[in-house]
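Participant: Below: sequence and its predicted model.
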2 protein chains.
Amino acid sequence: MHYKLAFIGFGNVARSLARLLMRKQSALERDYGITFSVTGIATGRHGCAVNPNGIDLNKALALMESGQSIASMTNYHLPITSSLDVIQHSSADFMFENSPVNYETGQPAIAHVRAALNAGMHVSTANKGTVVHGYRELTALAESKGKVFRFESTVLGGTPLFATFREAFPAAELQSFKGIINATTNIILSRMEEGETFDEAVKYCQSIGIAETDPSGDVDGWDASIKVAALATVLMNKPLKPQQVDRTGIRGITPEMVKQAKAEGKRWKLVASAERDGDSVRARVAPELVEASSPLYGMMGSSTGLTFRTDVLPDYSVSVSERPGMKGGPDETAYGLFADFINAVK
Amino acid sequence: MHYKLAFIGFGNVARSLARLLMRKQSALERDYGITFSVTGIATGRHGCAVNPNGIDLNKALALMESGQSIASMTNYHLPITSSLDVIQHSSADFMFENSPVNYETGQPAIAHVRAALNAGMHVSTANKGTVVHGYRELTALAESKGKVFRFESTVLGGTPLFATFREAFPAAELQSFKGIINATTNIILSRMEEGETFDEAVKYCQSIGIAETDPSGDVDGWDASIKVAALATVLMNKPLKPQQVDRTGIRGITPEMVKQAKAEGKRWKLVASAERDGDSVRARVAPELVEASSPLYGMMGSSTGLTFRTDVLPDYSVSVSERPGMKGGPDETAYGLFADFINAVK
């Protein structure tokens, strides 16, 4: 089967995805009988392109990486100037939505997903805003069209958390979960344990490109709150807004507190958790003092992970740990989008 | 959809499964549209029963638990005296195979699976022997019949390891894995750290029913070797026999070694691992001295877990940890069989 793909948003994650698709091209054909072409790309600063015969991905990447527009790659009878134009005219079977996240409203990503589903495409997005602001609507719309709306990359990078619960835990009831889901704050706390100040550790995270100039989304616990809300919304079927999460960031953790914890064989971690409480869900993001016996104690640096309590198994934990040459980031997130694509069409 | 089920083998795991099916009955109908009846049961010491109209599971459990035969529950025009009779005449859609494991040949379980697939049933088994001795044959037979052959319960109890790789890691190449996969030896080493001798710790495991009178299958590393072989066979597609695993058990670990490790902040663990080596797989089970920074360090008692290295993500770990009221064992294994059933028919 041949699939036409559209990329809405073409930043680091989407570019990693494009490279991953090219690297896995022959394996996809051999193992799954899947071939693909890219018929539409919308970028933030390098224009848009639609070509029903397929866009040369290497050429598009090269143009963007040398700062040029990809608009010249359009081969279509109408002008293509926006994301919605690309969705409308790419005739794609699958859309990857990677426009910038808007935590307040989920827009314009939700509008992109809606348009793509209405045009008969499956959708995968790395955009957490679409999940916390549009999960029920977009899932229902996808079902009504016989398509899927997927978002594996929104939590724990591209590790298969949603697919695991969807495919591998049938008829299990998730009672609670708890873990470390923001890598930036975990790196900051890990480096403070090695003697850096909060500001030095934040600067380090900015220098490697994982913290923003304004780091408050991470250090004040917003990113973790959005992820907790997404997890509760999907896995517990309880729509939860980030604002409903009881949230405390890590600004109050002083070097003295970190030193004291270390002396006691403990560690401060930014812990995200949610548990069912009757018919609702109580969710929380806050620094916690973690004992050496906790599975969270050993998660250092960019490592993240979650423990799930269900009615059918002992506590089940998943984690991803950095390793030389593969530290997460865009490549990891890209794999989640890639897996969503294969799982939807295989 | 209504499914007729056959149980071949009706020990602790199968009985847990029967109770789980009854507990989840209304959820299965509500969430998946699945109803079921049990049309055949073969036990080791309590006879066999076939009834096309459905066997009353509560009554069958009560009969067996009071030491009686279930043969009187048969309602069929032919005599039913063996597992193969049950398979032949139960008209089941799905067979749960839980006869005793034979590590040398995988029989008679393999014959049961073959007969059930040939009779048009899906099959799930908790029997590791069928995987290490029959994986390719039985998988090919299942495919030729449009059925599935599943075995989620064979490794890490009923936690969804095979389903996760099958459904959630598309087009990923598994390069290596490493972990703790035998609970008995992990309990023994944990108790030795608390000051017990090897013999005392073995006795404890026997007293709670998780070690055999002859504990050599666990303490000499055979059980772990069989699981490593099963994992490599399925996840790396490299058929491996337990005899090909480089195997050392824990009999050589003395209380002095455990004490010395503790003093250095380390722990002895029975570590199972496998890695690709060109076109083959090197697999090993042996005690290893584990540092506090290892994800294996914190796995105590009956907790088990594995770390997977793929070409697409940072290291991905899963673990199951005992918790009050849910310590693994038959209920956990039963969930793997249950999940295989739902996943096959949903």
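Facilitator: Structure received.
Participant: How about the residues of the stretch 1-150 of chain A by chain B?
Facilitator: Within the stretch 1-150 of chain A, the positions near chain B by CB under 8 Å from any CB of the partner chain are A:20, A:24, A:27, A:28, A:31, A:32. Glycine gets a C-beta too; all of them are placed from N, C-alpha and C.
Participant: If any of the residues you listed are buried, put those into a PyMOL selection.
Facilitator: Typed into PyMOL, the line below selects the buried ones among the residues of the stretch 1-150 of chain A next to chain B, using 16 or more other CB atoms under 10 Å in any protein chain shown:
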select buried, chain A and resi 20+24+28
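Participant: isn't residue A:266 right next to residue A:289, touching?
Facilitator: Yes. At 5.2 Å, residue A:266 counts as touching residue A:289 under the criterion of CB atoms under 8 Å.
Participant: Look up how far residue B:339 lies from the residue of the stretch 201-346 of chain A found nearest chain B.
Facilitator: Relative to chain B, the nearest point of the stretch 201-346 of chain A is residue A:342 (3.7 Å; CB to the nearest CB). Distance of residue A:342 to residue B:339, computed by CB to CB, to the nearest Å: 21 Å.
Participant: Tell me the buried residues in stretch A:78-96?
Facilitator: Residues A:80, A:83-90, A:92-96 are the ones in stretch A:78-96 that count as buried (16+ other CB under 10 Å).
Participant: so can I have a markdown table of those showing distance to residue B:106, pLDDT and secondary structure?
Facilitator: Formatted as a markdown table, the buried residues of stretch A:78-96 follow (distance: CB to CB, whole Å; pLDDT from 0 to 100; DSSP: H, G, I helix; E, B strand; the rest coil):
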| residue | distance to residue B:106 | pLDDT | secondary structure |
| --- | --- | --- | --- |
| A:80 | 60 | 96 | coil |
| A:83 | 56 | 97 | helix |
| A:84 | 58 | 97 | helix |
| A:85 | 60 | 97 | helix |
| A:86 | 55 | 98 | helix |
| A:87 | 53 | 98 | helix |
| A:88 | 57 | 96 | helix |
| A:89 | 57 | 97 | helix |
| A:90 | 52 | 97 | coil |
| A:92 | 48 | 98 | coil |
| A:93 | 43 | 98 | coil |
| A:94 | 42 | 98 | strand |
| A:95 | 47 | 98 | strand |
| A:96 | 44 | 98 | strand |
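Participant: Looking at these, which is nearest residue A:117?
Facilitator: Taking CB to CB as the measure, residue A:117 sits nearest to residue A:95 out of these, at 8.6 Å.
Participant: Now do the contacts for the closest one.
Facilitator: Listed by CB atoms under 8 Å, 6 or more residues apart in numbering or on different chains, the contact set of residue A:95 reads A:5, A:6, A:7, A:8, A:87, A:112, A:113, A:116, A:121, A:122, A:123, A:124.
Participant: Report the separation between it and residue A:311.
Facilitator: In terms of CB to CB, residue A:95 sits 36 Å off from residue A:311.
Participant: cool, and residue A:268?
Facilitator: 31 Å.
Participant: Those two: who's more crowded?
Facilitator: Applying other CB atoms under 10 Å in any protein chain shown to residue A:268 and residue A:311 shows that residue A:268 carries more neighbours, namely 22 against 13.
Participant: Sticking with residue A:191, tell me its helix or strand.
Facilitator: In this structure, residue A:191 sits in helix A:183-193 according to DSSP states H and E.
Participant: now swap in residue A:115 and tell me
Facilitator: Using DSSP H and E, residue A:115 sits within helix A:109-118.
Participant: C-terminal to that helix, what's the next element?
Facilitator: Taking DSSP H and E, what comes next after helix A:109-118 is strand A:122-125.
Participant: helices or strands up against whichever helix or strand comes after that following strand?
Facilitator: Next helix or strand after strand A:122-125 toward the C-terminus (DSSP H and E): helix A:128-145. Identification of packing neighbours for helix A:128-145 by 3 or more CB pairs under 8 Å, 6 or more residues apart in numbering or on different chains; DSSP states H and E yields helix A:109-118, strand A:122-125, strand A:149-150, helix A:222-235.
Participant: would you list every one of the strands in chain A?
Facilitator: Listed in chain order, the strands of chain A (DSSP state E) span A:2-8, A:35-42, A:48-50, A:94-97, A:122-125, A:149-150, A:174-180, A:246-247, A:267-277, A:280-290, A:304-310, A:315-321.
Participant: Dump the last one to PDB, restricted to CA.
Facilitator: Included here for strand A:315-321 are C-alpha records, laid out as PDB according to Å, rounded to 0.1, in the frame of the first residue of the first chain:
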ATOM      1  CA  ASP A 315       2.700  -2.000  39.700                       C
ATOM      2  CA  TYR A 316       3.900  -1.600  36.100                       C
ATOM      3  CA  SER A 317       6.700   0.900  35.400                       C
ATOM      4  CA  VAL A 318       8.200   2.100  32.200                       C
ATOM      5  CA  SER A 319      11.200   4.400  31.800                       C
ATOM      6  CA  VAL A 320      13.500   5.800  29.200                       C
ATOM      7  CA  SER A 321      17.100   6.400  30.100                       C
END
